[in-house]
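1. generate a structure from the sequence data that follows.
(chains A and B)
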There are 2 protein chains.
Amino acid sequence: METRYAEATPEEIHAAVFAAGHAPALSAPQRADLLDAIADEIEAIGDDLTEIAGQETALPAGRLNGERGRTTSQLRLFATSLRDGFAQDEIVDVALPERQPAPRPEIRRRLVPIGPVAVFGASNFPLAFSVAGGDTASALAAGCPVVVKAHPLHPGTSELVAQAIYRAMDRTGTDPRWFSLLHGSVEVGTKLVEQPGLKAVAFTGSHRAGRALFDLANRRSQPIPVFAEMGSVNPLFVLPGALGERGETLAAGYAESLLMGVGQFCTNPGVVIGIDSPEFSAFQADVAARLDAAPIGTMLSSGISANFNAVADQIAEKVTGMTHRTEPQSPSLFATSAREFIDHAELREECFGPAAIAVTAADADELMAVVAALDGQLTGTIHLADADSAIASPLAVALGRKVGRLVFNGFPTGVEVGHAMQHGGPYPATTDSRFTSVGTQAIFRFLRPLAIQNAPAGLDLSL
Amino acid sequence: METRYAEATPEEIHAAVFAAGHAPALSAPQRADLLDAIADEIEAIGDDLTEIAGQETALPAGRLNGERGRTTSQLRLFATSLRDGFAQDEIVDVALPERQPAPRPEIRRRLVPIGPVAVFGASNFPLAFSVAGGDTASALAAGCPVVVKAHPLHPGTSELVAQAIYRAMDRTGTDPRWFSLLHGSVEVGTKLVEQPGLKAVAFTGSHRAGRALFDLANRRSQPIPVFAEMGSVNPLFVLPGALGERGETLAAGYAESLLMGVGQFCTNPGVVIGIDSPEFSAFQADVAARLDAAPIGTMLSSGISANFNAVADQIAEKVTGMTHRTEPQSPSLFATSAREFIDHAELREECFGPAAIAVTAADADELMAVVAALDGQLTGTIHLADADSAIASPLAVALGRKVGRLVFNGFPTGVEVGHAMQHGGPYPATTDSRFTSVGTQAIFRFLRPLAIQNAPAGLDLSL
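-> Down below sits the predicted model:
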């Protein structure tokens, strides 16, 4: 790669956060205009963006153009929502001057920006979860200035998008302190999170890095909230009735979901669970055949590829069932028993890439034991048919307690950006299951309530 | 005191959280019935409760009866709110089967309980923020089983209230795993927060203890959210116009707020700030005279009393202005300059008890510099008149950025329990300014969103 970038200096990191802490407030309509302008400017970059992003990430043009569409859509969705008054409603307890033994004052509760937000670009979404992605869009929508730490795997893409943001700011007369882009590796991220003026952190990436940032933020003399989305294995259950009715369709859908983006999605369904039966065996063979037939994709980086291979090797060593894997880097399916899966925590950890573990439970009870052994997940999926009604409800309830999104008769990849989306599950899927990083609700990570008691008329309270 | 209690054993602590983790779900109407029944049973205890609470805390009967009223009111407020559908609404993104390039699935987002909650009783609210206080009420309302760690300063009161809860559970047929009371000191609290099955912590108390619990919870292999309300100095600004119009009324109101409950409220206004003028000097003299005339109250414990005295001694040594203090334990007012207040961080720390620091700013600019030096606060108060309009808005905006509740022409003590209340400010007032511990919004500390995609009709999804 020819892209060259300079590691941000400690002075630059400090200056970026200090500036953000002193940026003048923007009204909701001003924020909406800024978000729309950023979307426009990203579109205006044209093919250069697809080209450099393709070079940096090895993602195909179709995927990148789709991702650009998602990026601009979510910026505009926040803009539209803000214009509709989203997150600006007040809760009002009216004054009760005659109340005994004491009058009640008027209290109006509204949401105010939490302050400067650090956004860490994600390697696997160079546009939709990077410089102007969902985290930046929701922070700006909340009224929080943003400092982005670019992901070192796509610095050129990051720079192009940041320039689009600067143009949008210029066009809308937005104070330049509202946004900064910093390049660099781990040390830059560490220094960034340590800045006293920083008020929140948004991150998408590995568990190791996410947990490190979370720990760092909590060790500060003034701790700050970190929303780290750290992926998961996204268990997918195929119940006997569903397998009997449409086993082949399920195998095709599952293989497609697993292979999508070379398996590099946070919602990649890395574990598929069924009850011992000829149908579940056939399902596994069908999936394996489809994986074998698929081309070996190029992963985001040689490091990610090497890691995929190493983790897949470990799984292959651990499982005693069939291993479907044609060559080191190929899409793979590993077979194991429920007992083995429950006994070995390593099998329940994410393998980032196009590999999955098929877990065979002896019966419905063992299926429930598998659910009990699962850690927190971004998603959990159940494929069912009418014949599965006896197990469906207990399974859905048990799985619902472990996940942020419960999918029926579908696949977890393809996260909708809407008002109802929840992309954030119990730890270790994320650091705080009460929030989401996808969809309009993501704004609430960066807002805090302020109760205003007996405000005099005419006072300007634009925070 | 004759009350004797046994320190909970590690086995008992584990058993309490384990049971809570296996309690069957309660529907919203069932939770409402339980909350109402708890309120009824607490009322049914009668005078015994006031008597033992009075012995344990030295709080007068009038205050304790008022606090009992607040306790039962907030239990019933949550019950009524639940019956009205509070926190049970869904966000729905309807299915768009014809959407191109891919259909959109139906997604319904609702809130589900986060799981077992540990509640730490507060020394200064033996009823309203203890065993059946706001934390317990909001956790139960959220559908989360509760394990209370009783405060060792009022074990008898705690026991009486816990028995009322057990009777209420019995009467409503609630599974006993929904509630446990543990007695003990720091070690019991530590062990409690370390239980793997615990999902959240609610605490009201000192910064030292709150931060220790926060750190402990974040060091867990599975970190859990801690809402710790750790008090603050609750700065109160008296602007020149207000002083000119009603200086004496302000002094009387301020002294009353400061003396209330022997100064042992989280919202005690421990710092009063004004601009140098004969009126502000007269205000200070007036407040000091009122404090001198007040009787020396009995504090919650000898430890709290000794601590109050020690902190007041430190302040007396630090300030170079007038010290209004008749004897060691008496209500006190210390005078200092804005410069001194800004330069000495110790002066900006809470002195738990009936003592305040009066800060004199040379001018409006110095007043703003005082705001800039403040840490996060539960509340901030501004007394103003029409003549103060030039400074009022910038002051309100700057102060609003530091506090959870902004009070105009009133006093911060007397926290309303309503829908709009926000009792939770930026750190170090609390560990997470995005939540409140008072009012119905407190429920959101213990709920997390679950998105349900394409749920089949008829599936029972009671989590």
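2. tell me where chain A has helices.
-> Here chain A has its helices, by DSSP state H, at A:10-21, A:28-45, A:47-57, A:61-83, A:134-142, A:155-171, A:186-194, A:207-219, A:240-259, A:278-293, A:302-318, A:338-343, A:364-373, A:389-400.
3. could these go into TSV alongside distance to chain B, mean neighbour count and mean pLDDT?
-> The way it works is simple: take the backbone N, C-alpha and C, and place the C-beta from them, glycine included. Listed next are the helices of chain A as TSV, based on distance: least, C-beta to the nearest C-beta, whole Å; neighbours: other C-beta atoms under 10 Å in any protein chain shown; pLDDT from 0 to 100:
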stretch	distance to chain B	mean neighbour count	mean pLDDT
helix A:10-21	10	19	98
helix A:28-45	16	20	98
helix A:47-57	17	19	96
helix A:61-83	8	20	97
helix A:134-142	11	30	98
helix A:155-171	22	21	98
helix A:186-194	14	19	98
helix A:207-219	4	18	98
helix A:240-259	11	19	98
helix A:278-293	20	18	97
helix A:302-318	20	15	95
helix A:338-343	16	19	98
helix A:364-373	11	17	98
helix A:389-400	4	19	96
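4. ok, and the closest non-adjacent residue to A:Gln284?
-> The shortest distance from A:Gln284 to any non-neighbouring residue, by C-beta to C-beta, 6 or more residues apart in numbering or on different chains, is to A:Ala358 (4.8 Å).
5. how about A:Asp215?
-> Per C-beta to C-beta, 6+ apart, closest to A:Asp215 is B:Asn218, 7.2 Å.
6. which residues touch the one you found?
-> A:214-215, A:218, B:226 (C-beta atoms under 8 Å, 6 or more residues apart in numbering or on different chains).
7. quick check, nearest of the residues you listed to A:Asp375?
-> A:Phe214 (15.8 Å; C-beta to C-beta).
8. do I have it right that the closest one meets A:Thr431?
-> Yes. Contact criterion C-beta atoms under 8 Å: A:Phe214 and A:Thr431 qualify, at 4.9 Å.
9. list residues touching both of these two?
-> Common neighbours of A:Phe214 and A:Thr431 (C-beta under 8 Å, 6+ apart) are A:226, A:228, B:223.
10. adding neighbour count and distance to B:His207, write these out as a markdown table.
-> Listed next are those as a markdown table, based on neighbours: other C-beta atoms under 10 Å in any protein chain shown; distance: C-beta to C-beta, whole Å:
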| residue | neighbour count | distance to B:His207 |
| --- | --- | --- |
| A:Val226 | 25 | 21 |
| A:Ala228 | 28 | 26 |
| B:Pro223 | 19 | 20 |
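11. return the subset of the residues you listed lying in strands.
-> The subset of those located in strands under the criterion DSSP state E comprises A:226, A:228.
12. can you list the shared contacts of A:Phe214 and A:Thr431 in CSV and add distance to B:Arg171?
-> Below are these laid out as CSV (distance: C-beta to C-beta, whole Å):
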residue, distance to B:Arg171
A:Val226, 43
A:Ala228, 44
B:Pro223, 37
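13. could you single out the nearest of the shared contacts of A:Phe214 and A:Thr431 to B:Val193?
-> Looking across those and measuring by C-beta to C-beta, the closest to B:Val193 is B:Pro223, at 10.8 Å.
14. can you pull the contacts of that closest one?
-> A:214, A:427, A:431, B:217.
15. closest to A:Ile315 among these?
-> A:Tyr427 (22.6 Å).
16. nearest spatial neighbour of A:Ala217, skipping sequence neighbours?
-> A:Ala217 sits nearest to A:Val226 (C-beta to C-beta, 6+ apart), 4.6 Å away.
17. check contacts around that neighbour.
-> A:193, A:200-203, A:210, A:213-214, A:217-218, A:431-432.
18. quick check: bridge partners of it?
-> Partner residues in beta bridges with A:Val226, using DSSP bridges, are A:Val201.
19. what sits against the closest residue to A:Ala141 other than its chain neighbours?
-> Among residues not flanking A:Ala141 along the chain, A:Phe78 sits closest, at 4.0 Å (C-beta to C-beta, 6+ apart). Residues in contact with A:Phe78 (C-beta under 8 Å, 6+ apart) are A:32, A:35, A:137-138, A:140-141, A:440, A:443.
20. do that again at 6 Å, thanks
-> A:Phe78 makes contact with A:35, A:137, A:141 under the criterion C-beta atoms under 6 Å, 6 or more residues apart in numbering or on different chains.
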